[in-house]
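[1] Pasted the sequence and its predicted model underneath.
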Amino acid sequence: MDVWQITAFTIVAALCATALLLAPGLFLAWVLARRRFPGRALLDTVVSLPLVMPPVATGLILLMLLAPRGPIGRLLEPYGMQIVFTWKAVVLAMAVMGLPLFVRAARAGIEQVDSRYEAVAATLGARPFRVFVAVTLPLAAPAVIAGAVLAFARALGEFGATIMIAGSIPGTRTLAVAIYSFSETGRDREAAALLLVSATIAFVALYASNRIATRSGMRA
Amino acid sequence: MIALAFTLTQGSFTLSIDERLTGRITALFGPSGAGKTTTLDAIAGLRTPASGTICIGHRVVFASATRVNVPPYDRHVGYVPQDVALFPHMNVRRNVLFGRRPGQRLELQTVVSMLEIADLLEREVRELSGGERQRVALARALMSSPELLLLDEPLAAVDLERRRRILPYVERVRDELGVPVIYVTHDAEDVRRFADAVIVLEAGRVTRDQEIKRD
C-alpha cells in the first residue's frame, strides 16, 4: 500500500512550500509591520484573502494563471516548464495557502520588536537589510518560527487548491487528496490509515507551534 | 561645528531650532516634552524635519531646499538613547562591535580600557547593572567612529552616586577622543558640571543659549 509514499510526499511537499514562502512572507510581514505607504491596507487584504476565500476558488485562480495558456503559464511554456498537474503545483498551492498564516504570525512578531533597537542599529551604520537580519529577525524569531510551523501544518492539510491545480493523480496525491479519493472509491481502510497519519502530524505540528508561541510570550 | 536650523512638526507639536554649536559638550536642557529627544532624533536622521538644514562638521546631512537627506546609517552619529537600547540577543562584545566600520581609527582595546568594560565583554546584557549598560552603550556608539555623539539623558536612569561615577567617562570621551557631544538633560547640576554651552528648550523653542566659562 502506498500510505507511506503518500505521507512522505506530503511532508516533503509541505516542507518545500514552507521554504518557498519564507522569503516573500518575511518581506510582506516586514513591509506591513514597518512601512507606511499608499495601498498598504489593500496589500494587507490581498495577502489575507486565501484565509477566507474558498480554497477551491484560490486553486481556480492559480489554475487560470498557470495553465499553459494563462498569463504566467504562457511565459514559462517556452522553457518547457509545466506547473499544473505536477508536484510543483502541489508545492505552490500549499505555499499560497500557508502564506497568510505565516505573514500574520511574523508580522505580529516584528511589530512587537521595539523599533528603538532598529533605530540605534541604523545610527551604528547598519543598512536596512542588515538591521532586519541582525536585529529585527532574531528578536522576532519565536513568532517567525511559530508562523512557519503553522504554515507547514496548514500545508499538510491543503486540499481545495491542490485538487484544482494538481488533481488527484499518482505523483501529486497528498494526504488530504488521497483521503478523499480512497473514501470516494470505498477503500475505507486506506482512508482510515491516512486519517490517523494526518491527524498525528497535524497534532504534533500545532503543538510545537503553540509551545514556541507560549515560550516567546513568556519571555516578552 | 554643528549647525542646526530646522523646523519639525509632530501632530500639534512644533520644534523650531536655529543654533550653531561650537562647544565640545553642549547641554540640551529643558523640561520633558520640550523637544530634546526629537532634536537628537532629527540630527541622527531618525525623524525628518519639515524644512531647514542640519550640518555636522563640513557635511550637510539634511537640507530641505536641495532635498538632501542622508540616511541614519551614513550620518556617522553615535546615539545613546535614554533607554540605551542594547541589543538583548547579543552579548556585550557583539553589541560593542556591531557598528565597527572597516578601516576605522579606533581600536576596541582603546574604548574597552577607557570605559573599563573589559570584564563585561562576555556577559549577557541582562546581567548588567544600569551603570554598566550606560558604559557599554557608550562604547558601542564610540566603536562606530562617530563624528558627533548624542547622549539622551544618559544619567536619568541611575542614582546620584552612579551618576558621579559615569560622568568622568563622558569627560574622558570629550578629552581623549575629541568627539563633540550633545547631551540632553533636565538636571541643572549636570549642565554646571561639564557642559561648555547650554541650549534651553521649552515647548519646542529655544528660550536661551549661552556658553559656559570653565576654569
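    Here it is on my side, so go on.
[2] Pull stretch A:172-192 out as CSV, backbone CA atoms only.
    Only the C-alpha atoms of stretch A:172-192 are listed here, as CSV (Å, rounded to 0.1, in the frame of the first residue of the first chain):
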residue,chain,number,x,y,z
THR,A,172,0.6,14.6,-7.0
ARG,A,173,-1.6,12.9,-4.4
THR,A,174,-1.3,14.4,-0.9
LEU,A,175,-2.7,13.0,2.3
ALA,A,176,-5.9,15.2,2.1
VAL,A,177,-6.5,14.4,-1.5
ALA,A,178,-5.8,10.7,-1.0
ILE,A,179,-8.2,10.5,1.9
TYR,A,180,-10.9,12.0,-0.3
SER,A,181,-10.1,9.7,-3.2
PHE,A,182,-10.0,6.5,-1.1
SER,A,183,-13.2,7.3,0.7
GLU,A,184,-14.9,8.1,-2.6
THR,A,185,-13.9,4.7,-4.0
GLY,A,186,-14.9,2.8,-0.9
ARG,A,187,-11.3,2.0,0.2
ASP,A,188,-12.2,2.8,3.8
ARG,A,189,-9.3,1.1,5.4
GLU,A,190,-6.7,3.1,3.5
ALA,A,191,-8.7,6.2,4.1
ALA,A,192,-8.7,5.5,7.9
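[3] chain center to it, what's the gap?
    23 Å (Cα atoms, centre = their mean, to the nearest Å).
[4] Not counting its own residues, what contacts that stretch?
    For stretch A:172-192, contacts defined as Cβ atoms under 8 Å, 6 or more residues apart in numbering or on different chains pick out A:1, A:3, A:6-7, A:9-10, A:13, A:85-87, A:89-90, A:156-159, A:162-163, A:166, A:168, A:194-195, A:197-198, A:201. For glycine as for every other residue, the C-beta is placed from the backbone atoms N, C-alpha and C.
[5] Among those residues, which are located in helices?
    Mapping the contacts of stretch A:172-192 onto helices (DSSP state H) picks out A:3, A:6-7, A:9-10, A:13, A:87, A:89-90, A:156, A:162-163, A:194-195, A:197-198, A:201.
[6] count of neighbours near residue B:97?
    16 (other Cβ atoms under 10 Å in any protein chain shown).
[7] In space, what's closest to it - neighbours in sequence excluded?
    Closest residue to residue B:97 apart from its sequence neighbours, by Cβ to Cβ, 6 or more residues apart in numbering or on different chains: residue B:143 at 6.5 Å.
[8] which ones are touching residue 136?
    You didn't pick a chain, so chain A it is. A:30, A:110, A:113, A:117-118.
[9] my question was about chain B
    Counting by Cβ under 8 Å, 6+ apart, residue B:136 has contacts B:84, B:86, B:92, B:95-96, B:115, B:117, B:120, B:125, B:128.
[10] With distance to residue B:181 and neighbour count as added columns, please give the residues you listed in TSV.
    Below are these laid out as TSV (distance: Cβ to Cβ, whole Å; neighbours: other Cβ atoms under 10 Å in any protein chain shown):
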residue	distance to residue B:181	neighbour count
B:84	16	22
B:86	20	24
B:92	22	25
B:95	20	25
B:96	19	27
B:115	14	23
B:117	19	21
B:120	22	24
B:125	24	20
B:128	22	19
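[11] Inside helices: which ones of the residues you listed?
    Those of these lying in helices (DSSP H): B:92, B:95-96, B:115.
[12] Most widely separated two among the residues you listed?
    Largest separation among those by Cβ to Cβ: B:95 and B:115, giving 12.6 Å.
[13] quick one on the thing from earlier: return the distance of the residue nearest to residue B:97 relative to residue B:128.
    Here the criterion is Cβ to Cβ, to the nearest Å. By it, residue B:143 lies 17 Å from residue B:128.
[14] wait, isn't residue B:126 in contact with residue B:87?
    No - between residue B:126 and residue B:87 there is no contact under Cβ atoms under 8 Å: 11.5 Å.
[15] The two: which is more packed in?
    More crowded of residue B:126 and residue B:87, by other Cβ under 10 Å: residue B:87, with 19 against 8.
[16] How about that one, nearest residue that isn't a chain neighbour?
    Per Cβ to Cβ, 6+ apart, closest to residue B:87 is residue B:95, 5.5 Å.
[17] now do residue B:199
    Per Cβ to Cβ, 6+ apart, closest to residue B:199 is residue B:209, 4.7 Å.
[18] Give me the mean pLDDT for stretch A:196-214.
    Average pLDDT, stretch A:196-214: 85.
[19] repeat for stretch B:32-44
    Average pLDDT, stretch B:32-44: 92.
[20] Relative to the whole chain's centre, how far out is it?
    11 Å.
[21] Let me know the secondary structure of the closest residue to chain A within chain B.
    Among residues of chain B, the one nearest chain A by Cβ to the nearest Cβ turns out to be residue B:99. It sits 2.9 Å away. Put simply, residue B:99 is coil when judged by DSSP: H, G, I helix; E, B strand; the rest coil.
[22] For it, give me phi and psi.
    With angles defined as degrees, to the nearest 10, residue B:99 sits at phi -100, psi 10.
[23] can you count the residues close to it?
    By the criterion of other Cβ under 10 Å, residue B:99 has 24 neighbours.
[24] Return the residues in contact with the residue nearest to residue B:97.
    Going by Cβ under 8 Å, 6+ apart, residue B:143 touches B:96-100, B:104, B:106, B:108, B:111.
[25] Determine whether the claim that residue B:53 is in a strand is correct.
    Yes - residue state for residue B:53 (three-state DSSP) corresponds to a strand.
[26] bridging residues for it?
    Taking DSSP bridges as the rule, residue B:53 bridges to residue B:5, residue B:63.
[27] about what we covered before: so which of the contacts of residue A:136 reach chain B?
    residue A:117 (Cβ under 8 Å from any Cβ of the partner chain).
[28] can you map out the strands along chain B?
    With strands called from DSSP state E, chain B shows them at B:2-10, B:13-21, B:25-29, B:51-56, B:59-63, B:68-69, B:77-80, B:148-152, B:181-185, B:197-202, B:205-211.
[29] out of the ones you listed, deepest packed?
    When you average the neighbours per residue for each of those (mean count of other Cβ atoms under 10 Å in any protein chain shown), strand B:77-80 leads with a mean of 28.
[30] Would you mind naming what in chain A lies close to chain B?
    So far as Cβ under 8 Å from any Cβ goes, chain A lies against chain B at A:114, A:116-117, A:119-127, A:134-135, A:138-139.
[31] let's see 7 Å
    Taking Cβ under 7 Å from any Cβ of the partner chain as the measure of proximity, chain A contacts chain B at A:116-117, A:119-127, A:135, A:138-139.
[32] ranking those residues by neighbours, who comes first?
    Top of the residues of chain A next to chain B by neighbour count (other Cβ under 10 Å): residue A:120, with 31 neighbours.
[33] quick one: contacts for that residue?
    Shown in contact with residue A:120 (Cβ atoms under 7 Å, 6 or more residues apart in numbering or on different chains): B:79, B:81, B:85.
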